[in-house]
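# I'd like to go over a predicted model; first the sequence, then the structure.
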Amino acid sequence: MIAFFNKFHTILLFSLFLLLHACGQVNRLNNAKPMTGSQFSSFTVEMRIEVKITTHLGDIHTFVEGDVVRYLVSLNRDAYILMIYEDANRALYQVYPDSSMEDGFLHAGIYLQIPGNAEKEKFVVTAPFGNETMWVFASNKPFPGLYSPRYQKGFFLLNHSLDDIRNNLKNYAENMDAGFGETKMDIETFSNTTTEGLTNL
């Protein structure tokens, strides 16, 4: 989670970051080391983006095999978003933006529905069942490409661990002097017989 600062700490950290950047001490993504939780706190209040996510059923987080799930995402600032689905087997898929989209830009105050309303675009609960998570990341500058050439279940299957992806995205935003935010939503899925995953149809 993102820790909030009081006014004094915010001004101090932001001034220090600008000084380091001017001295050439802030590396770009390829040279950056993984960021720890305390390092992530260097994002000032002004640089943070509030990200909210829910489903079309609101507070209901339990779904049964065959159920259709739609996610709703909103921001407090204009930003680019990246959505990664983690299934019950901990496999990671980039679900937004997909191959038909350029950058995943979203205006503040607008609810983005994922997937859209098209009949062929659905998240349907299938195996594997268990604890599943939809991660949402936001930045006011476009994210670097994460997806691999491997295309599965209608999504880009990611090769890296979630920790690596989160650290790289945070590092990238910080090194680009960009705003950043992240959130997640956990759901529980069951089979019809005692409920398994999300598949894009």
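Done, it's in. Numbers count the residues shown, from 1 in each chain.

# Every contact and neighbour count from this point should use C-alpha atoms.
Fine.

# now the strands for the protein?
Chain-ordered strands for the chain, with DSSP state E as the definition, fall at 51-55, 62-64, 68-69, 71-75, 79-86, 92-96, 105-106, 112-114, 123-125, 130-139, 151-152, 155-157, 180-190, 198-200.

# need those strands in TSV with mean neighbour count, mean pLDDT and distance to Glu174, can you?
Shown next, in TSV, are those (neighbours: other Cα atoms under 10 Å; pLDDT from 0 to 100; distance: least, Cα to Cα, whole Å):
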stretch	mean neighbour count	mean pLDDT	distance to Glu174
strand 51-55	19	96	17
strand 62-64	19	95	35
strand 68-69	16	94	33
strand 71-75	20	97	19
strand 79-86	23	96	15
strand 92-96	22	92	22
strand 105-106	18	94	19
strand 112-114	17	93	25
strand 123-125	20	93	33
strand 130-139	22	97	10
strand 151-152	13	66	30
strand 155-157	21	84	25
strand 180-190	20	96	8
strand 198-200	19	54	32
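
# Could you save the ones you listed as a markdown table and add columns showing distance to Ile165?
Below are the strands of the chain laid out as a markdown table (distance: least, Cα to Cα, whole Å):
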| stretch | distance to Ile165 |
| --- | --- |
| strand 51-55 | 18 |
| strand 62-64 | 27 |
| strand 68-69 | 25 |
| strand 71-75 | 20 |
| strand 79-86 | 10 |
| strand 92-96 | 10 |
| strand 105-106 | 19 |
| strand 112-114 | 21 |
| strand 123-125 | 23 |
| strand 130-139 | 10 |
| strand 151-152 | 18 |
| strand 155-157 | 13 |
| strand 180-190 | 12 |
| strand 198-200 | 21 |
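
# Around Asp59, how many other residues sit close by?
The criterion is other Cα atoms under 10 Å. On that basis, Asp59 has 8 neighbouring residues.

# again, but for Ser161
11.

# The one 3 residues further on too?
Using other Cα under 10 Å, Asp164 has 12 neighbouring residues.

# 443 is where my numbering starts, stick with that
With 443 as the first residue, the last one maps to Asp606.

# Look up how far Pro557 lies from it.
Relative to Pro557, Asp606 is positioned 26 Å away (criterion: Cα to Cα, to the nearest Å).

# What of Gly621?
25 Å.

# who's more crowded, these two?
Remark: of Gly621 and Pro557, Gly621 carries more neighbours, 22 against 18, as counted by other Cα under 10 Å.

# Does that one touch Ala615 like I think?
Yes. Counting by Cα atoms under 8 Å, a contact exists between Gly621 and Ala615, whose distance comes to 6.5 Å.
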